[in-house]
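Novice: Got a sequence here, can you build the structure:
(2 chains)
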Protein chains: 2
Amino acid sequence: MKMVDLVIVGSVAIDSIETPFGKADNVLGGAATYSSIAASFFCKPGIVAVVGNDFPKEHLDLLKSRGIDIEGIEKKGASFRWKGYYEYDMNEAKTINTELGSFADFKPQLPEEYTNARYVFLANIDPELQLNVLGQIKKPKLVVMDTMNYWINTKREKLLEVMKKVDVLLLNDSEARQLFQTPNLVKAAGNALELGPKYAIIKKGEHGALMFTKNSHFSAPSYPLENIKDPTGCGDSFAGAFIGYLAKTGDESEQHIRKAIIYGSTIASFNAEDFSLNRLKRLTKQEIELRYREFVDIRNF
Amino acid sequence: MKMVDLVIVGSVAIDSIETPFGKADNVLGGAATYSSIAASFFCKPGIVAVVGNDFPKEHLDLLKSRGIDIEGIEKKGASFRWKGYYEYDMNEAKTINTELGSFADFKPQLPEEYTNARYVFLANIDPELQLNVLGQIKKPKLVVMDTMNYWINTKREKLLEVMKKVDVLLLNDSEARQLFQTPNLVKAAGNALELGPKYAIIKKGEHGALMFTKNSHFSAPSYPLENIKDPTGCGDSFAGAFIGYLAKTGDESEQHIRKAIIYGSTIASFNAEDFSLNRLKRLTKQEIELRYREFVDIRNF
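Specialist: Below you'll find the predicted structure:
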């Protein structure tokens, strides 16, 4: 059996979503779900999460069918549930309701195999849980983290503590502006890098993504989608494909970081084409490579 | 004496501007001013405009010193004056007051030499004036136009008439969404191309620029500026450098259109570094080439 290359901690959840182009009730969602399925095109992820006794078996079967290790998923109590909607411009998810369920007091004990993983993705979840999981990994080679405004508002200090321990920090643009209290993303990225990460990546949705190091800058285009059905999970898909590609290559040079950002943008662009995991479920490696090549052309001059 | 390569019609104006980083009262401004000075790094523009008897001679001397032909600038009545401000995010100019002055009933008679120009930039101004000037050019090779929300609101039909006659349409993102009543820029660009232009370019300020043809797409990054003083004239500078570069090369293949967009982005990024024309006045060709090369690196993966 193949070893787990990448450990992902984050929510495995049940979502109810409405966008101007449709709705989906009680469907598979969660940051660890989107990111692990995106990563599974490149490497073998293992998930650290907790699902409720109400969580449908078919969702766990889907993860397994993608080669994702689910030994780190506990089962108890109630599932994490998120209900939200998007307005016409689709730039930002509006939360109607979040039920943490069993995640509220989740204290994971990682499977022994996971503690040897070289790649770690701390997906959007309570920063205390992120620290807990990271502390159990013996010798991580590359740690990537994501977060959201909820944790910036409620656990800012803990969040900054996590940021000091990671190699790559992912934020979306509004979170970066909020966290560092500046409208200027270049300044926000500079502040982020001062905390310790070598790379700060700012996701801008339909405007692509920016990557900053202390002395270089990369701007990734977005893919020109005419029909976006549901942007839920795009940031998570981006992150999963990003670190999955790096785990596959075993090379974290800036050149590969840049390519990984384009793979992240590629998978995220597919994800927006349908609700829940519907598009990623039927996505093929050939489609990924074709769209990656389109990205090459989009930025060529 | 060198022939005029490019005719630009638009305002030559006096601006009063306040941004979170300073203010400037009664300084040189106007779409034709910014675009002609930006174009002057690449070719010889001639301006069609009217200034008031109150217009300072030093401003006209500046244009002449840049090799810009001002035979097409009439002098009568009162100058075009614009007063505006920017809020903290600097994304959009808020207009306090616009006085059209002599532009209100300006009916230009183009100098004979101008009517032979091959390159025409219809900068942001009344679409009836844009049509008037374009009608006097005998055999234009490339016509580029810009506009703003004011004309979309007040003269939509005339504006669409101009759009049908141009090769390249420039819009900023909010104007594109407004004009074609969709939040999706890919759809807006598709609608724009249906009117006739071969290229639709959507300027997105700090998020760069997008170019669409019927079967291709280009995404230009923005330059990561940490200190923006005043974004006034950035769109005009972009446009002037864009068409100026094309006039210099005499080649409007898509490859050159893409390079021209990067030159436009380059000059616009410098323009934001200071108020009025202050940064462009002291800009050198060497600085332009260095920053162009930075753009190459910013998008490289």
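
Novice: Name the residue closest to the centre of chain A, please.
Specialist: A:Asp236 (2.5 Å; Cα atoms, centre = their mean).

Novice: quick one, phi psi at the residue lying closest to A:Gly52 once chain neighbours are set aside?
Specialist: Spatially, and ignoring its direct neighbours in sequence, A:Gly52 is nearest to A:Ser79 (3.5 Å; Cβ to Cβ, 6 or more residues apart in numbering or on different chains). (Each C-beta comes from the backbone N, C-alpha and C, glycine too.) With angles defined as degrees, to the nearest 10, A:Ser79 sits at phi -70, psi 150.

Novice: got a list of what A:Ser79 touches?
Specialist: A:13-14, A:51-52, A:54-55, A:101-102 (Cβ atoms under 8 Å, 6 or more residues apart in numbering or on different chains).

Novice: related to what we said a few turns ago, shouldn't the residue nearest to the centre of chain A be in contact with A:Ile37?
Specialist: No: counting by Cβ atoms under 8 Å, A:Asp236 sits too far from A:Ile37 to count as a contact (9.2 Å).

Novice: picking up where we left off before, for the residue nearest to A:Gly52, report the pLDDT, please.
Specialist: The per-residue pLDDT reported for A:Ser79 equals 98.

Novice: Ok, the one 4 residues further on next?
Specialist: Predicted confidence (pLDDT) at A:Lys83: the value is 97.

Novice: What segments of chain A are strands?
Specialist: Ranges of strands in chain A, per DSSP state E, are A:6-9, A:13-19, A:22-29, A:45-51, A:73-75, A:80-85, A:94-99, A:119-122, A:142-145, A:168-172, A:199-203, A:209-212, A:217-220.

Novice: Mean neighbour count, these: which tops it?
Specialist: Counting by mean count of other Cβ atoms under 10 Å in any protein chain shown, strand A:6-9 has the highest mean neighbour count of the strands of chain A, with a mean of 32.

Novice: before we move on, back to that, tell me which of the strands of chain A approaches B:Asn116 most closely.
Specialist: Among the strands of chain A, strand A:217-220 comes nearest to B:Asn116, with 40.2 Å by Cβ to Cβ.

Novice: and that closest one, what's its mean pLDDT?
Specialist: In this model, strand A:217-220 has an average pLDDT of 98.

Novice: repeat for stretch A:231-241
Specialist: What stretch A:231-241 shows for mean pLDDT is 97.

Novice: just the CA coordinates of that stretch, formatted as PDB?
Specialist: Extracted as PDB, the C-alpha positions of stretch A:231-241 are listed here (Å, rounded to 0.1, in the frame of the first residue of the first chain):
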ATOM      1  CA  PRO A 231     -17.200  29.000  -6.400                       C
ATOM      2  CA  THR A 232     -17.400  27.000  -3.100                       C
ATOM      3  CA  GLY A 233     -14.100  25.200  -2.500                       C
ATOM      4  CA  CYS A 234     -12.100  27.000  -5.200                       C
ATOM      5  CA  GLY A 235      -9.600  28.300  -2.700                       C
ATOM      6  CA  ASP A 236      -9.300  24.800  -1.100                       C
ATOM      7  CA  SER A 237      -8.900  23.200  -4.500                       C
ATOM      8  CA  PHE A 238      -6.200  25.700  -5.400                       C
ATOM      9  CA  ALA A 239      -4.400  24.800  -2.200                       C
ATOM     10  CA  GLY A 240      -4.700  21.100  -2.600                       C
ATOM     11  CA  ALA A 241      -3.500  21.000  -6.200                       C
END
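
Novice: could you point out where chain A is predicted with low confidence?
Specialist: A:1 (pLDDT under 70).

Novice: redo that, cut-off 90
Specialist: In the predicted model, chain A carries pLDDT under 90 at residues A:1-2, A:87-93, A:149, A:227.

Novice: how far out from the middle of the chain is the longest helix seen in it?
Specialist: Assignment by DSSP state H gives helix A:254-271 as the longest helix of chain A. Here helix A:254-271 is found 12 Å from its chain centre; the criterion is Cα atoms, centre = their mean, to the nearest Å.

Novice: ok, now stretch A:244-264?
Specialist: 15 Å.

Novice: Whether that stretch contacts chain B - can you check?
Specialist: Yes: applying Cβ under 8 Å from any Cβ of the partner chain, one finds that stretch A:244-264 is in contact with chain B at A:255, A:258-259, A:261-262.

Novice: which of these are buried?
Specialist: Taking 16 or more other Cβ atoms under 10 Å in any protein chain shown as the criterion, what is buried in these is A:258-259, A:261-262.

Novice: these two touch, right, A:Thr98 and A:Ala104?
Specialist: No: at 10.7 Å, A:Thr98 and A:Ala104 do not qualify as touching, with contact defined as Cβ under 8 Å.

Novice: Which positions in the stretch 101-250 of chain A make contact with chain B?
Specialist: Going by Cβ under 8 Å from any Cβ, the residues of the stretch 101-250 of chain A near chain B are A:183-187, A:190, A:204, A:206-208, A:210, A:212, A:216-222, A:224-226, A:228.

Novice: and if we set it to 10 Å?
Specialist: Counting by Cβ under 10 Å from any Cβ of the partner chain, the stretch 101-250 of chain A comes close to chain B at A:173, A:177, A:182-187, A:189-190, A:204, A:206-208, A:210-212, A:216-228.

Novice: So which of those belong to helices?
Specialist: A:173, A:177, A:185-187, A:189-190.

Novice: Reformat the strands of chain A as a markdown table; add distance to B:Asn91.
Specialist: Formatted as a markdown table, these follow (distance: least, Cβ to Cβ, whole Å):
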| stretch | distance to B:Asn91 |
| --- | --- |
| strand A:6-9 | 35 |
| strand A:13-19 | 25 |
| strand A:22-29 | 31 |
| strand A:45-51 | 38 |
| strand A:73-75 | 43 |
| strand A:80-85 | 25 |
| strand A:94-99 | 22 |
| strand A:119-122 | 32 |
| strand A:142-145 | 29 |
| strand A:168-172 | 17 |
| strand A:199-203 | 16 |
| strand A:209-212 | 16 |
| strand A:217-220 | 18 |
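
Novice: So for B:Tyr150, which of the ones you listed sits nearest?
Specialist: With distances scored as Cβ to Cβ, the stretch of those nearest to B:Tyr150 is strand A:217-220 (31.0 Å).

Novice: From what I see, A:Glu113 and A:Gln136 are in contact.
Specialist: No: A:Glu113 is beyond contact range of A:Gln136, at 11.7 Å (criterion: Cβ atoms under 10 Å).

Novice: Next, show the common contact partners of the two.
Specialist: Contact criterion Cβ atoms under 10 Å, 6 or more residues apart in numbering or on different chains; residues shared by A:Glu113 and A:Gln136: A:Val7.

Novice: Looking at these two, which one has more neighbours?
Specialist: Neighbours per residue (other Cβ atoms under 10 Å in any protein chain shown) separate A:Glu113 from A:Gln136, with A:Gln136 holding more: 18 against 15.

Novice: how far away is that one from A:Pro127?
Specialist: Here the criterion is Cβ to Cβ, to the nearest Å. By it, A:Gln136 lies 15 Å from A:Pro127.
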